[in-house]
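Undergrad: turn this into a structure:
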Amino acid sequence: MDIQIIGTIVNVLPKVTGSSQRGDWSKQEYVINVEGENEQYPRSICFQILEKKKS
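TA: Alright, predicted model coming up:
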């Protein structure tokens, strides 16, 4: 699935790591302000990138 969003990164949250029965993982979250028609009320989106490390 492809999603294209145009915006500006306004916050990079701390990287989180952990482990489970399936192996180690890490995730990074970002907050972006989305460009739109109404600049008076900007929209923010938080998205997450998850990495599963191979054992």
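
Undergrad: dump the residue contacts of Val10.
TA: Residues near Val10 by CB atoms under 8 Å, 6 or more residues apart in numbering: Val31, Ile32, Asn33, Ser44. All C-beta spots, glycine's among them, are computed from the backbone N, C-alpha and C.

Undergrad: who does the third one bridge with?
TA: When bridges are called by DSSP bridges, Asn33 pairs up with Thr8, Ser44.

Undergrad: so it touches Arg43, yeah?
TA: Yes: at 7.1 Å, Asn33 counts as touching Arg43 under the criterion of CB atoms under 8 Å.

Undergrad: which one of these two has more residues nearby?
TA: Per other CB atoms under 10 Å, whichever of Asn33 and Arg43 has more neighbours is Asn33, with 15 against 12.

Undergrad: for that one, give me the pLDDT.
TA: On the pLDDT scale, Asn33 is placed at 92.

Undergrad: same thing with Ser55?
TA: We have a pLDDT of 60 for Ser55.

Undergrad: check Asn38 too.
TA: Turning to Asn38, the model gives it a pLDDT of 73.

Undergrad: element containing it?
TA: Using DSSP states H and E, Asn38 sits within no helix or strand.

Undergrad: that one: neighbouring residues, count only.
TA: Asn38, neighbours per other CB under 10 Å, totals 7.

Undergrad: for it, give me phi and psi.
TA: Per-residue torsions, Asn38: phi -110, psi 100 (degrees, to the nearest 10).

Undergrad: Tyr41 too?
TA: For Tyr41, the backbone dihedrals (degrees, to the nearest 10) come out as phi -120, psi 80.

Undergrad: where are the low-confidence patches of this protein?
TA: For the chain, the stretches with pLDDT under 70 are 54-55.

Undergrad: and Gly36, helix, strand or coil?
TA: coil (DSSP: H, G, I helix; E, B strand; the rest coil).
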